[in-house]
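Trainee: sharing a sequence plus its predicted fold:
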Amino acid sequence: MNHFKDHYRTLGLEPGSPPALIKKAWRKLVQQYHPDKTGGIQSGHISFQEIQEAYETLTDPVKKKKYLEQRWLHQVTRGESVRKPETAEEFLKACLQMEQKIANMNSFRIDEDYLMQYLLFLLSPSHITILNSSKENELLSTCLSLLLKSIEPLSVQKKKIVLKELEKINANTTTKQISEYKKNHRSAWFMEKYGFYVMIILSILLCWLIAFLAK
């Protein structure tokens with residue numbers, strides 16, 4: 001597992017803290033951990049270099065943007081080493097890894113939020129652009145099949161969120177696949193969403209029928 005530096009934690013801040021708080025926290029820590037104060041000896045759980053790195057990263061727009069992407073990826077993948085796909089072929093490999101990951105999960109204890117966020121990571125705008133630039137319809141079709149299979153453990157609402165991103169893939173074959181998937185699952189989705197109410201209505205009707213026949 002890769003070591004990830006949480007710059008917000010280094011400065012003792014909540015994620016998303018505004019620039020003013022970042023600067024205030026940095027000044028306070030610099031006064032406490034500056035080599036002139038400590039005699040060059042590291043004291044405490046953080047070093048002066050880490051404080052400086054955190055401040056420079058969170059106050060530089062370019063560095064901060066890159067860091068926030070890395071931070072989000074670290075959270076989504078739970079610190080696993082994940083290489084961002086740079087080609088359609090690498091995206092296919094990522095989809096295969098995703099399928100294997102789900103196959104190794106306990107079907108009764110799958111973390112839906114984690115799975116959905118991982119799928120949304122795969123379907124980030126940059127990855128969609130890679131897929132849309134590919135002319136290999138068979139490869140795209142295989143990727144989509146794997147992704148549609150991967151969303152099965154999700155609730156209807158989460159499925160629809162992922163499907164909305166899948167629909168951004170501009171290919172005739174994928175559009176057809178998604179349409180067929182929705183058509184084949186429409187009744188199951190209806191029962192998953194409204195099944196409880198349907199059962200109540202049926203129970204009431206059954207009770208009424210029994211009472212009517214008993215007269």
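Mentor: Happy to help now that I have it. Residues are numbered from 1 along each chain as shown.
Trainee: E112: how many residues sit nearby?
Mentor: The burial count assigned to E112 is 13, neighbours taken as other Cβ atoms under 10 Å. For glycine as for every other residue, the C-beta is placed from the backbone atoms N, C-alpha and C.
Trainee: for it, which residues are in contact?
Mentor: P153, L154, S155, K158 (Cβ atoms under 8 Å, 6 or more residues apart in numbering).
Trainee: just checking, the last one touches Q117?
Mentor: In other words, K158. No. The criterion here is Cβ atoms under 8 Å, and K158 misses it with Q117 at 9.9 Å.
Trainee: ok, the contacts of E112 vs D113, which is closest?
Mentor: K158 (8.1 Å; Cβ to Cβ).
Trainee: can you pull the contacts of the closest one?
Mentor: E112, M116, I151.
Trainee: could I get the contacts of E112 as CSV with distance to Y8, secondary structure and pLDDT?
Mentor: Formatted as CSV, the contacts of E112 follow (distance: Cβ to Cβ, whole Å; DSSP: H, G, I helix; E, B strand; the rest coil; pLDDT from 0 to 100):
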residue, distance to Y8, secondary structure, pLDDT
P153, 32, coil, 87
L154, 30, coil, 87
S155, 31, coil, 85
K158, 28, helix, 87
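Trainee: can you say which of these are buried?
Mentor: P153, L154, K158 (16 or more other Cβ atoms under 10 Å).
Trainee: between those residues, which is closest to D6?
Mentor: Using Cβ to Cβ, these come closest to D6 at K158, 27.2 Å.
Trainee: gap between the closest one and E86?
Mentor: Distance, K158 to E86, by Cβ to Cβ, to the nearest Å: 27 Å.
Trainee: could you point out which element follows the worst-scoring helix or strand of the chain on mean pLDDT?
Mentor: The weakest-scoring helix or strand in the chain, judged by mean pLDDT, DSSP states H and E, is helix 35-38 (a mean of 71). Of the helices and strands lying after helix 35-38 in sequence (DSSP states H and E), the nearest is helix 48-59.
Trainee: export the following helix or strand past that following helix to PDB, keeping only CA atoms.
Mentor: Downstream of helix 48-59, the next assigned helix or strand under DSSP H and E is helix 61-76. C-alpha atoms of helix 61-76 as PDB (Å, rounded to 0.1, in the frame of the first residue of the first chain):
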ATOM      1  CA  PRO A  61      -3.600  26.100  -7.500                       C
ATOM      2  CA  VAL A  62      -1.800  23.700  -9.900                       C
ATOM      3  CA  LYS A  63      -0.300  21.500  -7.100                       C
ATOM      4  CA  LYS A  64      -3.500  21.600  -5.100                       C
ATOM      5  CA  LYS A  65      -5.600  20.400  -8.000                       C
ATOM      6  CA  LYS A  66      -3.300  17.500  -8.600                       C
ATOM      7  CA  TYR A  67      -3.200  16.700  -4.900                       C
ATOM      8  CA  LEU A  68      -7.000  16.700  -4.500                       C
ATOM      9  CA  GLU A  69      -7.300  14.300  -7.400                       C
ATOM     10  CA  GLN A  70      -4.700  12.000  -5.800                       C
ATOM     11  CA  ARG A  71      -6.500  12.400  -2.400                       C
ATOM     12  CA  TRP A  72      -9.800  11.400  -3.900                       C
ATOM     13  CA  LEU A  73      -8.300   8.500  -5.700                       C
ATOM     14  CA  HIS A  74      -6.600   7.300  -2.500                       C
ATOM     15  CA  GLN A  75     -10.000   7.400  -0.700                       C
ATOM     16  CA  VAL A  76     -11.800   5.700  -3.500                       C
END
